[in-house]
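Q: Structure, please.
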Amino acid sequence: MNHVGHAAQLGFPVVDGELTVGGLPVSLLAARVGRTPFYAYDRRLIDERVALLRRVLPAGIELHYAIKANPMPAVVDFLAPRVDGMDVASGAELRIALDAGVSPVEISFAGPGKSDEELQQAVASGVLLNVESMREIKALEAASVRLGRPARVAVRVNPGFELKSSGMKMGGGPKPFGIDAEAVPAALDAIGRYGLSFEGFHIFCGSQNLHHEAICDTQTQAMELAVRLAVNAPAPVKRLNLGGGFGIPYFPGDKPLDLDPIGEHLKQIVDVSRANLPEARLVLELGRYLVGEAGVYVARVVDRKVSRGEVFLVTDGGLHHHLAASGNFGQVIRKNYPVAIGTRASETQQEVLSVVGPLCTPLDVIADRMALPAAEPGDLVVVFQSGAYGLTASPVGFLSHPAPLEVLV
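A: Below you'll find the model as predicted:
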């Protein structure tokens, strides 16, 4: 039988038989952190990813970090001077971005259910609000009058097309995100009548896509849609957020996204924008692609059990810390994340085993029947591709076990 493996995890070298994170052997890092489980994010890998994008993206394309991917303050602080702006999805994320010193001019706020308090917070802060309903537009009129300053707004558009082959589709068809494209002219009219400060459009169609052809096609359609909608805008378009969607390889058979064709295609998008929306700044909003591959989740084996011929490594971490790796965060058919025994990284002799957590539920599985080195209590299990949608996307309070720590190394 042909077994297709995971993409190689080249960012974490093996030294003297042990996986290293941020240049430190994982056992030493665990001692430095103080306890397991924990998340560790490698600043070198984040730097390298930003540098790669800067090399590939043409002039005229700005790079924004979507904080929802990983809102750890140290990560946001690290990225703030390296990107052109930040995108937030809650009032708490907005405070993190402002605390990191990001200029309010370069912060945008999206999300389909912004509270009146969050809308007021955003207006008071001077950030750009991606409005997603007529209710938000009306509430922003009141907030603008109350605070004595017009809200900066862009319209988040739910287009008639989608990002094909994406892990999560956030545009096309009936969606809770944004304003349907056919209803945008009415929204633009209201923005003008209410005296809000219109700045542009936000067209985010999907995430976690590994197919450059689909991403390029969606970018073309987004630009064409923005040009059509701009005819009804109360002011020239100053900013066009083309979304993101750049994926990373998680599962066996996944291949890394080919950036070069996207970079070449974006040169054409820039040319179209300069001809049709001459005042517009073009933004790519990326989260997972910037930090996902730079992070690992580390748990310690506390027990080794054999049940009717199958081996189970029981660790002190699990789905309550890393829901995505357990397969319970949107997977239809469960697939294993790349996993290693960090303290036995050079061992070639392997056995088929499962890695499970301490929770009293059969859903608490980190690796299901994977070929890994034989491990014992005290060994460290490392889950790769854990820099995005890890801790804050997980039910940390489930069964009341301790929360994991986070470090940037």
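
Q: what's the spacing between stretch 315-331 and its chain's center?
A: Distance of stretch 315-331 from the chain centroid (C-alpha atoms, centre = their mean, to the nearest Å) equals 16 Å.

Q: And for stretch 102-111?
A: Taking mean C-alpha positions (C-alpha atoms, centre = their mean), stretch 102-111 and its chain are 16 Å apart.

Q: pLDDT of that stretch, averaged?
A: In this model, stretch 102-111 has an average pLDDT of 97.

Q: Same question for stretch 295-309.
A: Rounded mean pLDDT across stretch 295-309 is 97.

Q: Buried residues, it. List them.
A: Within stretch 295-309, the residues scored as buried using 16 or more other C-beta atoms under 10 Å are Gly295, Val296, Tyr297, Val298, Ala299, Arg300, Val301. (Each C-beta comes from the backbone N, C-alpha and C, glycine too.)

Q: Shouldn't Pro236 be within a strand?
A: No - secondary structure assignment (DSSP: H, G, I helix; E, B strand; the rest coil) places Pro236 in coil, not in a strand.

Q: Just the residues contacting the helix or strand hosting Val184, thanks.
A: Using DSSP states H and E, Val184 maps to helix 184-193. Contact with helix 184-193 is made by 131, 134, 137-138, 153, 155, 157, 179, 198, 229, 232-235, as judged by C-beta atoms under 8 Å, 6 or more residues apart in numbering.

Q: next SSE after it?
A: Following helix 184-193 in sequence, per DSSP H and E, is strand 197-202.

Q: for that next one, the distance to its chain's centre please.
A: 23 Å.

Q: Show me what that strand is packed up against.
A: strand 152-158, helix 184-193, helix 212-230, strand 239-241 (3 or more C-beta pairs under 8 Å, 6 or more residues apart in numbering; DSSP states H and E).

Q: Relative to it, what are the paired strands and their orientations?
A: Looking at strand 197-202 with DSSP bridges, its partner strands are strand 152-158 (parallel), strand 239-241 (parallel).

Q: most tightly surrounded among those strands?
A: Mean neighbours per residue, mean count of other C-beta atoms under 10 Å, is largest over the strands paired with strand 197-202 for strand 152-158, with a mean of 26.

Q: Let me know which of the strands paired with strand 197-202 is the nearest to His212.
A: Among the strands paired with strand 197-202, the nearest to His212 by C-beta to C-beta is strand 239-241 (19.4 Å).

Q: what comes into contact with that closest one?
A: 64, 87, 108, 128, 130, 154, 199-204, 222-223, 226, 273, 277, 280-283, 285.

Q: Which of the buried residues of stretch 295-309 fall in strands?
A: Using DSSP state E, the members of those that fall in strands are Gly295, Val296, Tyr297, Val298, Ala299, Arg300, Val301.

Q: Let's have the residues you listed in TSV, adding distance to Gln385.
A: Supplementary listing: these in TSV, determined by distance: C-beta to C-beta, whole Å:
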residue	distance to Gln385
Gly295	8
Val296	8
Tyr297	9
Val298	13
Ala299	15
Arg300	20
Val301	20
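
Q: pLDDT weak spots in this structure?
A: 1-3, 161-176 (pLDDT under 70).

Q: so which pair among the ones in strands among the buried residues of stretch 295-309 is furthest apart in space?
A: Pairwise over those, using C-beta to C-beta, the maximum falls at Gly295 and Val301, 20.4 Å.

Q: For Val15, state which of the ones in strands among the buried residues of stretch 295-309 is nearest.
A: Val296 (15.3 Å).

Q: If that closest one is in a bridge, with which residues?
A: Ala40.

Q: Next, the buried residues of the strand or helix carrying Arg369.
A: Arg369 belongs to strand 365-373 when assigned by DSSP H and E. Residues of strand 365-373 classed as buried: Val365, Ile366, Ala367, Met370, Leu372, Pro373 (neighbour count, 16+ other C-beta under 10 Å).

Q: just the helices in the stretch 1-150 of the chain please.
A: With DSSP state H, counting those that start in this stretch as the criterion, the stretch 1-150 of the chain has helices at 26-33, 43-56, 73-79, 91-99, 116-125, 134-147.

Q: Out of those helices, which gets nearest to Val396?
A: helix 91-99 (15.2 Å).

Q: Need the residues that contact the closest one.
A: Here helix 91-99 has contacts from 67-68, 71, 73, 76, 80, 86, 88, 104, 107, 109, 115, 117-118, 121-122, 125, 127, using C-beta under 8 Å, 6+ apart.

Q: Could you do stretch 340-354 as well?
A: Against stretch 340-354 from outside (C-beta under 8 Å, 6+ apart): 9, 14, 17-19, 26-27, 298, 310-313, 365, 367-375, 378-382, 384.
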